[in-house]
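Trainee: Here's my sequence, what's the structure:
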Amino acid sequence: PQHFVALREQHRMHPQVSAIVNELIYNGLLRDGSSVTIAEADASIDSWHHVPMGHSDRVMIVDTATANAWNTTSDKSRFNLLSAMMSMELVRQWLSTNRTPLSGHDAKRILVICPYRPQAKLLDLMVREDGIELEVAANTAHSFQGSEADAVILDLVVDEPHYSANLLTPAASADIARLLNVAITRAKRKICILADLSWFRAKGRGAFVGGSLFPMLCQKHQPVDVLTVFPGNEFPGVIDHDHAIRILAECIASTSKQVVIFSPSLDPTSVSQVLRLAAKNGRLASTVFVVTRPAFEVRITFKDHEAAEALLRSAGVRIIHKAKMLDKMVLIDQAEVWASTFSLLGTSQRGFALRRQSRKFSAELRDFCCIEKLLEPYLTSDHRCPVCDKEMLAAESKNEKPYYWRCTEDGCYTRDLDMPQPVDGLLTFKCGSEPEFGYWGDTAYWLCTCGQKPTHRTKLHRNHLKLPKMRALIPQRSWNKVCRDLGVDPDARE
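Mentor: Now for the predicted structure:
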């Protein structure tokens, strides 16, 4: 438009940072002002950065592929616990111990930027709990429009198993380019990007990040393997496999009330080691849950996996199976969270575990992951399918919640987290009342018989018809319509 003038000269970013957006966004038309190239431009970052910028990379790409990180669904968005904790570990490494304190009126030293609100919420909580909110801010890229800082950590979050993320979608490339332009141009002197490069290459080659941003960056800047950035035991809160096993056993053997271990793979040797260190008189002092893959998913080590499960059950450990799980974390009571690159009870020992002792962070994570709903069916016994009595599995969800329940038998029975387990073959509501069949508009629903809560209703699902007592609640005159709407053969009623 005639009243707008395109930006041609920038006076914020170091030339290596501005070169990223100049090539990808501004088609080479952006010039660097003289003020960003003089030595004095590094005065601010040199006053707090752990090493002078003359000995540090301006553009740092940390490849998290070897960390085996994972995404979790939360509130129709996503977060990545391991990358969030790695981002905060980078912040701690960068901040010099003898830096000058800031006042509330000074500009932030570091911005930690990510694309998703749940991730931003976890990052912001850690910043505030560490007491560095005057120096560091964490939020989504949109919220930092107009802001700037000496350094930026850009956590792209996206990882297995989710490949339908907007950062991987070609149709969203224009929007993502604008979003990342905002994120990258917040950095005055240094930027670090955390991402699983292998995942972006495999699933997002046709999109902006995987098809344009990373190919260009990796040509000019050598990516750094995340395992070299966080060597175990060299930094507080970073531990290697052997230390993790010992500390975990100590926690189980101590007065900890509850320990939840997410370990996709199981190995009898690792399990025996933990139990030997933790058990007293053959039993565990803590209530221990192990969330792992069902044995039939780990075909190569099927027998070892089953043997490890048998050892755990003999020690009183309650086992929860989650289909195709990737989570590798530990929750100790309501006060401590671990995220690791390896299965704590498996064979792999490569990498590190990050620990965080915090009741607020633990509570937030447990809420995001719906931990109480995951454990509830196993507090008294194993979780069985109400239709066929086979085992129920937790399975990764792409919707609002992180997972849902499904029967081991494909297509038999599923239920969402908010739906109570059927009681005596009948679905129930949160108030404890039984259902009755009815319509809400033109749609068939189970309506609550309590009469107090008109919002107590559940839409009919085809799996409900597998419960004889639920089928019996549907009047004969409505049966054909219900079956037609649900795509069920009406002759299969009996």
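
Trainee: Contacts made by the strand or helix carrying residue 180 with the rest, please.
Mentor: Per DSSP states H and E, residue 180 falls inside helix 173-184. Around helix 173-184, the neighbours that count as contacts under Cβ atoms under 8 Å, 6 or more residues apart in numbering are 17, 20-21, 24-25, 113, 115, 141-142, 144-145, 152, 154, 166-167, 191, 207-209, 211-213. In short, each C-beta sits where N, CA and C put it, glycine included.

Trainee: Could you pull up the mean pLDDT of that helix?
Mentor: Mean pLDDT, computed over helix 173-184, is 96.

Trainee: what's downstream of it, the next helix or strand?
Mentor: Using DSSP H and E, the first helix or strand after helix 173-184 is strand 187-195.

Trainee: Work out the gap between that next one and the centre of the chain.
Mentor: 22 Å (Cα atoms, centre = their mean, to the nearest Å).

Trainee: One more: stretch 335-345?
Mentor: With Cα atoms, centre = their mean, you get 13 Å for stretch 335-345.

Trainee: and the closest residue to residue 256 other than its chain neighbours, what is it in contact with?
Mentor: With sequence-adjacent residues excluded and distances taken as Cβ to Cβ, 6 or more residues apart in numbering, residue 256 is closest to residue 286, at 4.6 Å. Neighbour list for residue 286: 251, 252, 253, 254, 256, 257, 258, 259 [criterion: Cβ under 8 Å, 6+ apart].

Trainee: Restricted to helices, list these.
Mentor: 251, 252, 253 (DSSP state H).

Trainee: Check the contact between the second one and residue 278; I expect there is one.
Mentor: So that's residue 252. Yes. Shown here, residue 252 and residue 278 form a contact pair, counting by Cβ atoms under 8 Å, at 3.9 Å.

Trainee: Now the common contact residues for those two.
Mentor: Residues touching both residue 252 and residue 278 (Cβ under 8 Å, 6+ apart) are residue 284.

Trainee: What is the burial count for residue 489?
Mentor: 8 (other Cβ atoms under 10 Å).

Trainee: scratch that, residue 279 is what I was asking about
Mentor: Residue 279 has 17 nearby residues by other Cβ under 10 Å.

Trainee: Grab the nearest non-local neighbour of it.
Mentor: Nearest non-adjacent residue to residue 279 (Cβ to Cβ, 6+ apart): residue 315, at 5.8 Å.

Trainee: now what about stretch 254-270, what contacts it?
Mentor: 245, 248, 251-252, 285-293, 298, 301, 304-305, 307-309, 311-312, 325-333, 343-348, 371, 375.

Trainee: just checking, residue 320 touches residue 293?
Mentor: No. Taking contacts as Cβ under 8 Å, residue 320 lies outside contact range of residue 293: 10.6 Å.

Trainee: Look up the pLDDT of the residue nearest to residue 279 for me, please.
Mentor: 90.

Trainee: What separation do you get for it and residue 285?
Mentor: 11 Å (Cβ to Cβ, to the nearest Å).

Trainee: and residue 432, what helix or strand is that in?
Mentor: Counting by DSSP H and E, residue 432 is part of no helix or strand.

Trainee: Kindly tell me how buried it is, as a neighbour count.
Mentor: With other Cβ under 10 Å as criterion, residue 432 counts 10.

Trainee: Roughly how far does it sit from residue 420?
Mentor: 9 Å.

Trainee: And for residue 306?
Mentor: 31 Å.

Trainee: same check, this time on residue 110
Mentor: 45 Å.

Trainee: Ok, residue 64 next?
Mentor: Following Cβ to Cβ, the distance that separates residue 64 from residue 420 is 38 Å.

Trainee: And these two? Which one has more around it.
Mentor: Neighbour count, other Cβ under 10 Å: between residue 64 and residue 420, residue 64 has more, with 26 against 13.

Trainee: hang on, isn't that one packed against residue 159?
Mentor: Yes. Judged on Cβ under 8 Å, residue 64 makes contact with residue 159 at a distance of 7.3 Å.

Trainee: Now for those two: what residues contact both?
Mentor: In contact with both residue 64 and residue 159: 83, 196, using Cβ under 8 Å, 6+ apart.

Trainee: would you say residue 113 is within a strand?
Mentor: Yes. Residue 113: assigned to a strand according to DSSP: H, G, I helix; E, B strand; the rest coil.

Trainee: For it, which residues are in contact?
Mentor: 138, 139, 140, 141, 144, 152, 153, 154, 155, 183, 186.

Trainee: who touches the fifth one in this structure?
Mentor: Taking Cβ under 8 Å, 6+ apart, we find residue 144 in contact with 111, 113, 137, 182, 183, 186.

Trainee: separation between the fourth one and residue 300?
Mentor: What it means is residue 182. 45 Å.

Trainee: These two: which is more packed in?
Mentor: The neighbour comparison of residue 182 against residue 300 (other Cβ under 10 Å) goes to residue 182, with 18 against 8.

Trainee: neighbouring contacts of the helix or strand where residue 310 lies?
Mentor: Take DSSP H and E as the rule and residue 310 turns out to sit in helix 302-314. Residues from elsewhere that reach helix 302-314 (Cβ under 8 Å, 6+ apart): 265-268, 270-272, 275, 288, 290, 292-293, 295-296, 298, 319, 345.
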